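S.K.: Sequence and predicted structure, then a few things I'm wondering about:
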Amino acid sequence: MGERIASVLLSLGGPERSDGLAETLREAGVEVTLGPAAGAAELERLDVAVVELADFSGNASWAMEARRRHRDLEFVVVAGADELPAAVRALRQGAADLLAAPVEAGALRDAVARAVDRVMARAAAREADELGRSAELGRLAGGLAHEIANPVAVILSAMSGVADGLDAAARTPLGGSWRALEQARESADEASAAAERLKVLARDLRSVLRADPAALAPADVSEAVQAALRIGRAEIVAHAQVLVDVPPGLYALANQGALTEALLHVLARGARAIAAAGRRRAPLQVRAARSGEAVVIEVEDDVPQPAADPALRHLALKLPSGVAPAAGARGLAVAAALVERQGGSCSARAAASGGTVLELKFRAAAASAAP
């Protein structure tokens, strides 16, 4: 059942029913807790809860709260032959598996094994997503250092100009010092503008690094596109001519930072495809519009891509189908995971030019609801 010891709650009545079944699970390498179903807080340390249908259905709100607090918890529900309709409702309420009563030891062992495998698979997928995300953000950080160094250099140079201007003003007769002071003011304005660039960049980075994809709110699509371009400027703008067609006041139900990061990875992928093809400053189109109850964002390049390997659709990376592995697979996998965690979808199709259109789709949000 995996290297980590799985923790299972077994709540099937008195000891006469549970002790033998618990021993079967312990022999399979599972840590077992006996007793009635615990509260949501206590369930956070568990992987699987095996409960009777009456317990699960009678505490549906408790079960949902437990799932909310501990998203990996799997419920295996035991139901009698005459409880089929209620058992189906239990599945709809979040039960992962059903067992027929009376429970057979082998069936319980197999059901728990399946549940633990699902828990471990989700944990591994999340870990892979986080590792991929960290690697991609780390790669982009190299270009970001350049974006930070530029305004810092401007500030240092401008402040030197301020100092020179003030020195000159101090040495000039009162009536003629205005020009030196004007030059100092111009240098101060340059420093202020560069500092504002750093302030905006720092805000964009905080938004991305602190993003919780599950915390959804109306997200400004235009601002997310611009923030992604600011953060990834060194790589994206250096290789591509970015053409943006995103109307103001367009909001998606998403997380502002997570939407920005997803767009950053998608735009960086387009820029890399352009660079790999040796087509410096080729067009990279970004467009967005509302379509019914959805907001659709498209990023299109015109770089011909080789046929995608159908096996990619089944990789844990969850690369959108229709995208070649050479075209920034890891970044796209991170973007797809971020979009899906926000309740959206990520897909790809061939562009009329022979390039690729990557489509991010989210639920639309009303502008009036935006913060």
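M.R.: Thanks, I have it. Numbering: from 1, shown residues only.

S.K.: Please save the CA atoms from stretch 252-264 in PDB.
M.R.: Extracted in PDB, the C-alpha atoms of stretch 252-264 (Å, rounded to 0.1, in the frame of the first residue of the first chain):
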ATOM      1  CA  ALA A 252     -12.800  35.700 -14.800                       C
ATOM      2  CA  LEU A 253     -13.700  33.700 -11.700                       C
ATOM      3  CA  ALA A 254     -10.100  32.800 -10.800                       C
ATOM      4  CA  ASN A 255      -7.200  33.800  -8.500                       C
ATOM      5  CA  GLN A 256      -5.400  36.900  -9.700                       C
ATOM      6  CA  GLY A 257      -2.000  35.600  -8.900                       C
ATOM      7  CA  ALA A 258      -2.600  32.100 -10.100                       C
ATOM      8  CA  LEU A 259      -4.100  33.400 -13.400                       C
ATOM      9  CA  THR A 260      -1.000  35.600 -13.800                       C
ATOM     10  CA  GLU A 261       1.300  32.600 -13.300                       C
ATOM     11  CA  ALA A 262      -0.600  30.400 -15.700                       C
ATOM     12  CA  LEU A 263      -0.400  33.100 -18.400                       C
ATOM     13  CA  LEU A 264       3.300  33.600 -17.600                       C
END
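
S.K.: how about V30, what does it touch?
M.R.: 1, 5-8, 112, 116 (Cβ atoms under 8 Å, 6 or more residues apart in numbering). To be clear about C-beta, it is placed using only N, CA and C from the backbone, and glycine gets the same treatment.

S.K.: Determine which two of those residues are furthest apart.
M.R.: With Cβ to Cβ as the measure, no two of the contacts of V30 lie farther apart than I5 and V112, at 12.6 Å.

S.K.: These two - which one has more neighbours?
M.R.: V112 (27 against 11; other Cβ atoms under 10 Å).

S.K.: Can you say which helix or strand has the more buried one in it?
M.R.: helix 105-171 (DSSP states H and E).

S.K.: For the helix or strand containing V78, the averaged confidence score.
M.R.: Under the criterion of DSSP H and E, V78 resides in strand 74-79. Mean pLDDT, strand 74-79: 86.

S.K.: Could you pull out the helices in the stretch 151-300 of the chain for me?
M.R.: Ranges of helices in the stretch 151-300 of the chain, per DSSP state H, counting those that start in this stretch, are 178-209, 221-231, 233-239, 256-276.

S.K.: Lowest mean pLDDT across these, which one is that?
M.R.: Minimum mean pLDDT among these: helix 178-209, a mean of 65.

S.K.: hang on, the earlier thing: which of the contacts of V30 tops the neighbour count?
M.R.: Most surrounded of these: other Cβ under 10 Å gives V112, at 27 neighbours.

S.K.: Quick check: the gap between it and A6.
M.R.: Distance, V112 to A6, by Cβ to Cβ, to the nearest Å: 8 Å.

S.K.: what residues do the two have in common as contacts?
M.R.: Joint contacts of V112 and A6 (Cβ under 8 Å, 6+ apart) are 30, 48.

S.K.: Run through the residues that contact P304.
M.R.: P304 sits next to 277, 354-355 when contact means Cβ under 8 Å, 6+ apart.
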